[in-house]
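In: model this:
(chains A and B)
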Amino acid sequence: MNKSMLVVAGALVLGVLGAPTAARANVTCSIVEIEASSGSAPAIDPDLKALEKKFKRPPLSSWNTFKKLGGTSLTLAPQQAGAANLVHGKFGLLLRDINERPGKKPRLGLGITIDDTAGKRVVDIKVGVDAGDYVIPARPLPGDKGHLVAVTCK
Amino acid sequence: MLAADGEAPATDLGPEARQTAASVRELGELVRGSLELSADDAEPRLAGLWDLIERRLDVAEAPAAPVVAPAARPSVGARIWSWLAGHRSHVATGLLSAGAVAGLSMALGPAPTEKVVVKTVAVPAVQPTVMTGSPPSVESMELIGGSGTVFTIGDDDGDGDAAVIWVEPDEVDLTEGI
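Out: Numbering: from 1, shown residues only, chains lettered A, B, ... in the order given. Sure, this is the predicted structure:
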């Protein structure tokens, strides 16, 4: 009898302790740094297969060569920020909020910042995006190249 | 005839009648003697016959033996009850032991496991729920030293929408400050 009471008490304690953890939804964001250019023949990095169709749509279709410079992932809780170093600067991400909607994908509020190699902030945006959708800040680089950072969160 | 039987005096008869009566009397003696001899001869046989008749009469007059009805066979329930009544102590001991064992097994044994019955039920196909979404929206955009344009690329085949934020740096105005 005492054993059963101990088990029940332990389950209650675990439930109480685990409840806040279960209620907090973490979001994992994938960040891929891409260098775009125009070449004689189109070439897309095999690691960028998921974005291949989007590269063929304007305005990205102005380039035909896409090279992956690097990639990382950040797991964030609401109101939590993360950062990652890029080849061409620094990337910052803030998960502002998560809006769960019945019958729809969760809507994520993101804050994205990009600093150039000199440390100058060139992008500071706040977007609302569905889970799984992409946000791709793009800016030109010398030599008619493009610097793309593809961000998607689930 | 009366004189021959001795019922009338012979003196009243004539000589002829007296002679006839004597003849009849003699003839009667002869017949009587013959019959007595026959009766003597048949006496042992008659005696045996009489004994036989007596025995038969004894048998006929003897009271009939009482008919004993066969005892009624007890029913199965009665026999069981009778057996139980005869083994009352054994039955009580057995029931008490079984109860004790059952109580111990319930108290010490493992909890009864639920019996899971798996049934295959044909369920009509349900169309997968399509999670609808909305395109990315830019709430605020701050671009230092440039301007931005937002392009939305639609969901081609389930790979998600994409918002391309094209940042165009401002061109340096060489005439500025002149």
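In: which helix in chain B runs the most residues?
Out: helix B:15-61 (DSSP state H).
In: ok, residue 119 - contacts?
Out: In the absence of a named chain, chain A is used. For A:Gly119, the contacting residues are A:Lys90, by C-beta atoms under 8 Å, 6 or more residues apart in numbering or on different chains. (C-beta placed from N, C-alpha, C; glycine too.)
In: Determine the three-state secondary structure at it.
Out: Recorded secondary structure, A:Gly119: coil (DSSP: H, G, I helix; E, B strand; the rest coil).
In: Could you measure from it over to chain B?
Out: Computed with C-beta to the nearest C-beta, to the nearest Å, the distance linking A:Gly119 and chain B is 12 Å.
In: residue ranges for the helices of the chain, please.
Out: No chain in the question, so chain A it is. Under DSSP H, chain A gives helices at A:2-23, A:52-55.
In: hm, I was asking about chain B
Out: Going by DSSP H, chain B shows helices at B:15-61, B:76-86, B:88-108.
In: quick revisit: could you tell me the least trusted of the helices of chain A?
Out: In terms of mean pLDDT, the lowest-scoring of those is helix A:2-23 (a mean of 49).
In: any idea how far the nearest residue to A:Gly70 once chain neighbours are set aside lies from B:Glu16?
Out: Nearest non-adjacent residue to A:Gly70, counting by C-beta to C-beta, 6 or more residues apart in numbering or on different chains: A:Glu33, 4.7 Å away. Distance of A:Glu33 to B:Glu16, given as C-beta to C-beta, to the nearest Å: 196 Å.
In: Compare the two and say which is more crowded by neighbours.
Out: A:Glu33 (22 against 8; other C-beta atoms under 10 Å in any protein chain shown).
In: how about the more buried one, what does it touch?
Out: With C-beta under 8 Å, 6+ apart, A:Glu33 has these contacts: A:68-71, A:86-88, A:91, A:147-149.
In: redo that, cut-off 10 Å
Out: Contact partners of A:Glu33, counting by C-beta atoms under 10 Å, 6 or more residues apart in numbering or on different chains, are A:67-72, A:84-89, A:91, A:114, A:147-150.
In: Quick check on the residues you listed: which are buried?
Out: Buried members of these, counted by 16 or more other C-beta atoms under 10 Å in any protein chain shown: A:68, A:70, A:84, A:86, A:88-89, A:91, A:114, A:147-150.
In: how close does A:Ala150 get to B:Ala78?
Out: From A:Ala150 to B:Ala78 the distance is 95 Å (C-beta to C-beta).
In: actually A:Lys90, not the one I wrote
Out: Counting by C-beta to C-beta, the gap from A:Lys90 to B:Ala78 is 102 Å.
In: Neighbour count: these two, which is higher?
Out: For A:Lys90 versus B:Ala78, the count of surrounding residues by other C-beta under 10 Å is larger for A:Lys90: 15 against 10.
In: Give me the neighbour count for the residue nearest to that one when sequence neighbours are not counted.
Out: Among residues not flanking A:Lys90 along the chain, A:Asp115 sits closest, at 4.4 Å (C-beta to C-beta, 6+ apart). A total of 19 residues lie near A:Asp115 under the criterion other C-beta under 10 Å.
In: contacting residues around A:Leu148?
Out: Contacts of A:Leu148 were listed using C-beta under 10 Å, 6+ apart, and they are A:32-36, A:48, A:51, A:55, A:60, A:63, A:66, A:68-69, A:136-139, A:141, B:164, B:166.
In: Kindly state the beta-bridge partners for the closest residue to it other than its chain neighbours.
Out: Excluding the flanking residues, the one nearest A:Leu148 by C-beta to C-beta, 6+ apart is A:Ile34, at 4.1 Å. Beta bridges link A:Ile34 to A:Lys68, A:Leu148, judged by DSSP bridges.
In: near chain A, which residues of chain B show up?
Out: B:129-146, B:148-169 (C-beta under 10 Å from any C-beta of the partner chain).
In: same thing but at 8 Å, please
Out: B:129, B:131-146, B:148-149, B:151, B:153, B:156-157, B:159-169 (C-beta under 8 Å from any C-beta of the partner chain).
In: how close does the residue nearest to A:Gly70 sit to A:Phe66?
Out: Distance from A:Glu33 to A:Phe66, by C-beta to C-beta: 11 Å.
In: And A:Ile125, by the same measure?
Out: Taken as C-beta to C-beta, the span from A:Ile125 to A:Phe66 is 22 Å.
In: likewise A:Lys104?
Out: From A:Lys104 to A:Phe66 the distance is 31 Å (C-beta to C-beta).
In: Which one of the two is surrounded by more residues?
Out: A:Phe66 (23 against 14).
In: what about the nearest residue to the more buried one once chain neighbours are set aside, how many residues close to it?
Out: Among residues not flanking A:Phe66 along the chain, A:Ile44 sits closest, at 4.9 Å (C-beta to C-beta, 6+ apart). Applying other C-beta under 10 Å, we find 18 residues neighbouring A:Ile44.
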